[in-house]
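> give me a 3D structure for the following:
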Amino acid sequence: MKSYKQVLLATAGVMLFSTAVMAETLRIGTEGAYPPFNLIDSSGEVVGFDLDIAHALCEKMDVECTVVTSDWDGIIPALNTRRFDFLVASMSITEERQQAVDFTEPYYTNKLQFVAPKSVEFPVDEASLQGKTIGAQRATIAGQWLEDNLGDVVSIRLYDTQENAYLDMNAGRIDGVLADNFVQYEWLQSEAGANFEFKGEPVFDNDKIGIAVRKGDPLRTRLNEALQAIIDDGTYAEINAKYFPFSIY
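The predicted structure is shown next:
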């Protein structure tokens, strides 16, 4: 009887240990359609600045992490219905979003800037923009800024992905695009963006980007500690240099 109890106790111990290990496997949520921050490469792997940061944080927290992708429009509901544990998708910290999720400290700061064809004059004052059609990704700071500031000046066309906005601009269906400066920077270096350029100065230059977790989730504290650790030990700077010749922190 004693040995039988010992077997039961040992089995229970193994089960508890296994549960503990499983609890330390976290799922990273991202979009997978926002280069160079998150995209799906030719092998089907989700890569980019966001993912490099996320995996570095996982390493600091000593946890295994997997990646789950979601359409942008439904990415916060996907977090809150537990499809993944934390969201690293270049998401701007806004008051509206803070009603639904908690954010870490910012892991980079962005700007909003117009892009349009090199061949056209494109002043970005209201009088010059009057009647133009401007594209932006749906449910982004760029789209919201257009609606709040130029809603009665320009025709706004919103897209499910940033890439589709660029495709329409390339085809001449819209006059310009407003989006995050660093995403635009990457695209302008590509073959597809070779005939386009930044227009005017950034219209908003304090866009704080954070990692989202469910409301009240203590994972936020662990992520903040890990973020500070990768900044302090130079890991963040190494990742930054892989994508940009300037600091985006």
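> count of residues packed around residue 164?
16 (other C-beta atoms under 10 Å). From N, CA and C alone the C-beta is placed, and that goes for glycine too.
> the helix or strand where it lies: what's the following helix or strand?
Assigned by DSSP states H and E, residue 164 belongs to helix 162-170. Per DSSP H and E, helix 162-170 leads on to strand 176-180 as the next helix or strand towards the C-terminus.
> strand partners (parallel or antiparallel) of that following strand?
Its sheet considered, strand 176-180 pairs with strand 108-117 (antiparallel), strand 133-137 (parallel) by DSSP bridges.
> out of those, the one nearest residue 198 is which?
Comparison of the strands paired with strand 176-180 against residue 198 by C-beta to C-beta identifies strand 108-117 as nearest, at 5.4 Å.
> quick one: the strands in the protein?
25-30, 33-34, 38-40, 46-47, 64-69, 86-92, 101-103, 108-117, 133-137, 155-159, 176-180, 196-214 (DSSP state E).
> let's have the ones you listed in CSV, adding distance to residue 248.
Below are the strands of the chain laid out as CSV (distance: least, C-beta to C-beta, whole Å):
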stretch, distance to residue 248
strand 25-30, 17
strand 33-34, 14
strand 38-40, 14
strand 46-47, 17
strand 64-69, 21
strand 86-92, 10
strand 101-103, 17
strand 108-117, 4
strand 133-137, 19
strand 155-159, 23
strand 176-180, 10
strand 196-214, 9
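> can you put the ones you listed in TSV and add mean neighbour count and mean pLDDT?
Converted to TSV, the strands of the chain look like this (neighbours: other C-beta atoms under 10 Å; pLDDT from 0 to 100):
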stretch	mean neighbour count	mean pLDDT
strand 25-30	20	98
strand 33-34	22	94
strand 38-40	20	97
strand 46-47	19	98
strand 64-69	16	98
strand 86-92	25	97
strand 101-103	20	98
strand 108-117	21	97
strand 133-137	23	98
strand 155-159	18	98
strand 176-180	26	97
strand 196-214	19	96
